[in-house]
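> the following comprises the amino acid sequence and a computationally predicted model.
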Amino acid sequence: QKLAVSLQAAIEQDRLALHYQPIFRLNSGAIESVEALLRWHSAEHGVVSPLELIAVAESHGLAHRLNDWVLSQACRQLHSWHQAGFDWLKVNVNISPNIFMDGELAGTVSRVLHQSGLDASSLVLEITEDTSLWDTAGSLDILQELRELGIEIALDDFGTGYSSFSHLRQLPLNKLKIDKSFVADLATDPRAVSLVKTIISLAESLDMTVTAEGIELPEQQAQLQLLGCELGQGYLLARPMPVEDMDLLLQDRL
Ligand code: G
Ligand code: G
Ligand code: MN
Ligand code: NA
């Protein structure tokens, strides 16, 4: 309750923050996108994890305001990076299953893109592979509505939830993010290698781009490159960082 009151104030007073973790092209080392990750350091409650924050928001009617804040902030930041010359950069924003399913998302995204001046093709929404999500007929309509705006959709944490082959085939998804649990075993378990290899060829046959998450070791990166994985993200390559550090990283690569 108390946390919810502080959170509402923090949203209204812009005291939340987004950190950004780069997503790299594994073959060239070029930055493709940045994933926006919510951070809150509350004066009263200390550091509150994004998962807890989202749970509090959802149980206190603040989910929409929080989602609006994240989307607006990420789009404005990316627009400013575009204006600074990094106009090829994209941004990935995480969307919780409840927000995805409630029917207002396309309207919100459209408004936020308009207000921030950001091109739709620069925005990628990450939706987790949550069981309840894909079983309803409504999810296809929602995805189509989002795709018509010109944005991209990534299926996050792939392999941990439940998406059948028919879901993958029917849903208009652009990207698939292989969950870090599979990447973790790559260097030591031959079966993890087979599995990731299969996921990559499945994605290719469905015209989806694959991102590997949670790359922590050089051996994992090497294996993923060998398997032809296009994009990668993880502590080995870069940690989530505040805007100022991301600025420096981008400048460095000019
Ligand atoms: O950044 P970190 O590893 O602490 O994130 C923990 C979890 O919180 C991850 O599953 C991540 O996807 C989620 N998360 C982080 N930021 C956001 C956000 O802005 N919105 C949503 N819905 N989830 C987020
Ligand atoms: O659920 P989602 O994939 O959005 O979660 C992203 C979370 O993963 C972020 O909170 C981020 O801090 C975390 N993360 C990013 N890179 C790594 C990594 O290499 N290892 C681990 N364990 N977590 C990571
Ligand atoms: Mn994510
Ligand atoms: Na993920």
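On my side now, so go ahead. Ligands and ions are numbered 1, 2, ... in the order given.
> for residue 105, give me its contacts.
95, 99, 142, 146 (Cβ atoms under 8 Å, 6 or more residues apart in numbering). C-betas here are computed from N, CA, C, even on glycine.
> close to ligand 1: what parts of this structure are there?
Counting by Cβ under 6 Å from any ligand atom, the chain comes close to ligand 1 at 37, 38, 49, 50, 51, 54, 70, 94, 95, 96, 240.
> reformat those residues as CSV; add distance to residue 11.
CSV is the format used below for the residues of the chain next to ligand 1 (distance: Cβ to Cβ, whole Å):
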residue, distance to residue 11
37, 16
38, 11
49, 16
50, 14
51, 17
54, 12
70, 10
94, 16
95, 17
96, 15
240, 20
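> taking the contacts of residue 105 one by one, which sit in helices?
Cross-referencing these against helices under DSSP state H gives 99, 142, 146.
> of those, which is the nearest to ligand 3?
Closest approach to ligand 3 among the ones in helices among the contacts of residue 105 (Cβ to the ion): residue 99, at 13.9 Å.
> now the closest one. Nearest residue, chain neighbours left out?
Excluding the flanking residues, the one nearest residue 99 by Cβ to Cβ, 6 or more residues apart in numbering is residue 67, at 4.8 Å.
> report the buried residues of whichever strand or helix holds the one you found.
Assessed by DSSP states H and E, residue 67 sits inside helix 63-83. Using 16 or more other Cβ atoms under 10 Å as the test for burial, helix 63-83 gives 63-64, 66-75, 77-79, 81-82.
> now which of the residues of the chain next to ligand 1 would you call buried?
37, 38, 50, 54, 70, 94, 95, 96, 240.
> got a list of what the fourth one touches?
Applying Cβ under 8 Å, 6+ apart to residue 54 gives the contacts 38, 63, 66, 96.
> from residue 151, how far out is it?
Remark: distance between residue 54 and residue 151 (Cβ to Cβ, to the nearest Å) = 21 Å.
> among the residues of the chain next to ligand 1, which ones lie close to ligand 3?
The subset of those within reach of ligand 3, by Cβ under 5 Å from the ion, is residue 94.
> hang on, the earlier thing: which one of the contacts of residue 54 is nearest to ligand 2?
residue 38 (8.9 Å; Cβ to the nearest ligand atom).
> which residue, other than its chain neighbours, is closest to that closest one?
Nearest non-adjacent residue to residue 38 (Cβ to Cβ, 6+ apart): residue 50, at 4.3 Å.
> that neighbour: what's it in contact with?
With Cβ under 8 Å, 6+ apart, residue 50 has these contacts: 37, 38, 39, 40.
> how near is the first one to residue 114?
Here the criterion is Cβ to Cβ. By it, residue 37 lies 24 Å from residue 114.
> which other helices and strands contact the strand ranked longest in the chain?
With secondary structure taken from DSSP state E, the chain has its longest strand at strand 31-42. Secondary-structure packing of strand 31-42 (3 or more Cβ pairs under 8 Å, 6 or more residues apart in numbering; DSSP states H and E): helix 2-12, strand 17-25, strand 46-48, helix 50-59, helix 63-83, strand 90-95, helix 243-252.
> can you rerun that using 7 Å?
helix 2-12, strand 17-25, strand 46-48, helix 50-59, helix 63-83, strand 90-95 (3 or more Cβ pairs under 7 Å, 6 or more residues apart in numbering; DSSP states H and E).
> now those in a markdown table, with mean pLDDT and distance to ligand 4?
Shown next, in a markdown table, are the helices and strands packed on strand 31-42 (pLDDT from 0 to 100; distance: least, Cβ to the ion, whole Å):
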| stretch | mean pLDDT | distance to ligand 4 |
| --- | --- | --- |
| helix 2-12 | 95 | 23 |
| strand 17-25 | 98 | 11 |
| strand 46-48 | 95 | 20 |
| helix 50-59 | 96 | 12 |
| helix 63-83 | 98 | 16 |
| strand 90-95 | 98 | 8 |
